[in-house]
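Student: Show me how the following folds:
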Amino acid sequence: MNATFAERLKYAMEQADLKQSALSEQAGISKAAISQYLSGKNTPGPERIKALADVTGVTFDFLMGYGAAPVKDAPPPVKKISVKEAARCMGKSDQFVRIGLQRGLLPFGNAVPGTGNNWNYYINPTKFREYVGAEAFNSFFGLTA
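Tutor: Next up, the predicted model:
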């Protein structure tokens, strides 16, 4: 897929079934900035590209134009995973997951500062499944292989 950044981002959003507003919230990037990226008016820097890749489930290299379009193997049918579910699946505390996401230590999601002392957490189901293993993921969420 030899395309512009805007086209690659649109493709990634379609594959992740994300709208602009959801991408904005989960990546911690303003809706106006997302709109400019999609129109081709601006291109984000490396840190924002990484955040966009993490949320959409594609690689940084793909968004940069270096890699091929990702081949989607059957994504987990789980659309949203809460911090509590992730913690139980991993056998860890909620606090472990929250702090890991806030500090960027867990590779399956991110945390974005909200209002006051609150944080918004996003866990990518595909990356979480890779992290904990398909067997544990499927068993916890009651899915068949």
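Student: need the helices for the chain, in chain order.
Tutor: 5-16, 20-27, 31-39, 46-56, 60-64, 83-90, 94-102, 125-132, 134-140 (DSSP state H).
Student: how deep is residue 105 tucked in, by neighbour count?
Tutor: 9 (other Cβ atoms under 10 Å). C-betas here are computed from N, CA, C, even on glycine.
Student: contacting residues for it?
Tutor: Residues near residue 105 by Cβ atoms under 8 Å, 6 or more residues apart in numbering: residue 99.
Student: What's the separation between it and residue 9?
Tutor: Look at residue 105 and residue 9: by Cβ to Cβ, to the nearest Å, they are 26 Å apart.
Student: ok so, going back, residue 118: which of the helices of the chain is closest?
Tutor: Smallest distance to residue 118 across these (Cβ to Cβ): 11.1 Å, for helix 94-102.
Student: mind listing what's buried in that closest one?
Tutor: By 16 or more other Cβ atoms under 10 Å, the buried positions in helix 94-102 come out as 96-98, 100-101.
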